[in-house]
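> following is a predicted model, sequence given first.
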Amino acid sequence: MTASGTFSNGLEASRLFDIQRLGAIVSKGTTVRPRSGNPQRRTAETPSGMLNTIGLQNIGVEALIAEVTPVWATWQTPVVVNIAGESVDEFRELASRLDGIPGVSGLELNISCPNVAVGGMLFGQDCKQAAAVTHAAVRATTLPVIVKLTPNVTDIVEVARAVVDEGADALCLINTLLGMAIDVRTRRPVLSTVFGGLSGPAIKPVALRAVYQVAGAVDVPIIGCGGMTSGEDAIEFILAGATAVQVGTATFTDPRAPLIVLEGIERYLTDAGIERLSELVGAARS
Ligand SMILES: Cc1cc2nc3c(=O)[nH]c(=O)nc-3n(C[C@H](O)[C@H](O)[C@H](O)COP(=O)(O)O)c2cc1C
């Protein structure tokens, strides 16, 4: 799969390579109203990764349904819509508006966004709020609901259990890690919002650890995400207990990165004489 926010809504990339070969496309984070995002500067390169503070720039759910979903409906590859709300009610509204829309095959809840109603704490940093969002979304839709967890917590297993108890069909691990950069010439933070999300190969060990821990604690499928650039990276996530993977930041160096990872997985399986990827799921755990 592609990782949310790194592949737009797939329309541009669909002109660059055969995206139908991918397992799924995950959309840009979609909100109730259109958003222009945070002021520049919104990205910074870091050793083995990048920082971003895009601020959920997107066209809003209404335009998405009117203009983008009809194109998705012509694709064979399923599209998962990543949704972000400022309150539990907004998550409920997004889940319900996207229910039954042709071209939409699933929802991914981005709970790494602030709950404005309770002082801006991230939904995903509090078990009760994470559970409340999941409860609302799951009951507002017939679509499968993936909950995407933030690594910026003390115990990710606790949050995973809380959302699975409320009916999450699958989990995606992980979103970006909170970080920052300072420009020594201006002596000011590089990003306009001071802090931003760290992604790319630098976070792969953290993501892998999270998948390994959570896979031992819950019974729903886990999608690994964080720093993947090759088939072997993906296999590591599968061995840790993931059943699928998402590729994000790597698409900024090559938009075909998700396909390169897929072909790398296929090559690994052929070389090892393994027929089904499922044979490897969690194999590093025993
Ligand atoms: C520029 C950028 C924008 C992103 N936007 C979103 C988003 O809208 N919703 C979301 O859930 N995750 C978003 N993410 C997080 C990625 O989907 C992914 O979880 C994270 O970057 C780790 O994977 P990677 O190292 O392969 O990029 C974004 C990441 C980047 C780099």
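It's in. Everything quoted here is computed from the prediction, not taken from an experiment.

> who in the protein is up against the ligand?
With Cβ under 6 Å from any ligand atom as the criterion, the chain meets the ligand at residues 3-6, 28-29, 52, 54, 56, 82, 110, 148, 175-176, 199-200, 203, 225-228, 247-250. To be clear about C-beta, it is placed using only N, CA and C from the backbone, and glycine gets the same treatment.

> neighbours of Gly119, how many?
7 (other Cβ atoms under 10 Å).

> next one: it from the ligand, what distance?
Separation of Gly119 from the ligand (Cβ to the nearest ligand atom, to the nearest Å): 21 Å.

> packing partners of the helix or strand where Leu262 lies?
Element membership for Leu262, per DSSP states H and E: helix 257-272. Applying 3 or more Cβ pairs under 8 Å, 6 or more residues apart in numbering; DSSP states H and E, one finds that helix 257-272 contacts helix 231-240.

> in the stretch 1-150 of the chain, which residue sits closest to the ligand?
Residue nearest to the ligand within the stretch 1-150 of the chain: Gly5 (1.9 Å; Cβ to the nearest ligand atom).

> this structure: strands as residue ranges?
25-26, 43-46, 49-52, 79-83, 106-110, 145-149, 170-173, 177-180, 182-183, 188-189, 195-199, 222-225, 244-246 (DSSP state E).

> I would like the residues contacting the fourth one, please.
The set of residues that contact strand 79-83 without belonging to it, under Cβ atoms under 8 Å, 6 or more residues apart in numbering, is 1, 4-5, 10, 24-31, 61, 64, 72, 91, 94-95, 98, 103-110, 137, 146, 148.

> hey, C-alpha coordinates of that strand in CSV?
In CSV, the C-alpha atoms belonging to strand 79-83 read as follows (Å, rounded to 0.1, in the frame of the first residue of the first chain):
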residue,chain,number,x,y,z
VAL,A,79,-8.6,2.9,-2.2
VAL,A,80,-8.6,3.5,1.5
VAL,A,81,-9.5,7.0,2.7
ASN,A,82,-7.4,8.4,5.5
ILE,A,83,-9.6,10.6,7.6
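
> got the angle between that strand and strand 106-110?
30 degrees (axes from the mean of the first three to the mean of the last three Cα atoms, to 10 degrees).

> just want the angle from strand 79-83 to strand 145-149.
Between strand 79-83 and strand 145-149, the angle comes out at 50 degrees (the same axes, to 10 degrees).

> what residue in this structure is the furthest from its centre?
Computed with Cα atoms, centre = their mean, the residue of the chain farthest from its C-alpha average is Arg185, at 34.1 Å.

> from Glu45, how far off is it?
From Arg185 across to Glu45, the span is 16 Å (Cβ to Cβ, to the nearest Å).

> with Leu198 instead?
Remark: distance between Leu198 and Glu45 (Cβ to Cβ) = 11 Å.

> cool, and Asn38?
Separation of Asn38 from Glu45 (Cβ to Cβ): 17 Å.

> compare those two (neighbour count), which wins?
More neighbours surround Asn38 than the other of Asn38 and Glu45, with 17 against 12 (other Cβ under 10 Å).

> that one contacts Gly55, correct?
Yes - between Asn38 and Gly55 a contact is recorded at 3.3 Å, counting by Cβ atoms under 8 Å.

> any residues in contact with both of those two?
In terms of Cβ under 8 Å, 6+ apart, Asn38 and Gly55 are both contacted by the residues Thr193.

> got a list of what the residue of the stretch 151-286 of the chain found nearest the ligand touches?
Of all residues in the stretch 151-286 of the chain, Gly248 sits closest to the ligand, at 2.5 Å by Cβ to the nearest ligand atom. By Cβ under 8 Å, 6+ apart, the contact set of Gly248 is 2-6, 199, 225-226, 228.

> distance check, it against Ala240.
18 Å.

> contact partners for Ala24?
Shown in contact with Ala24 (Cβ under 8 Å, 6+ apart): 1-2, 77-80, 105-106.

> now with 10 Å?
When contacts are counted by Cβ atoms under 10 Å, 6 or more residues apart in numbering, Ala24 touches 1-2, 10, 77-80, 105-106, 108, 146, 223, 244, 246, 258.

> same question, Val247
1-3, 6-7, 22, 225-230, 233-234, 256-262.

> nearest residue to Ser192 in space, please, no chain neighbours.
Leaving out its chain neighbours, the residue that sits closest to Ser192 by Cβ to Cβ, 6 or more residues apart in numbering is Pro39, at 4.4 Å.
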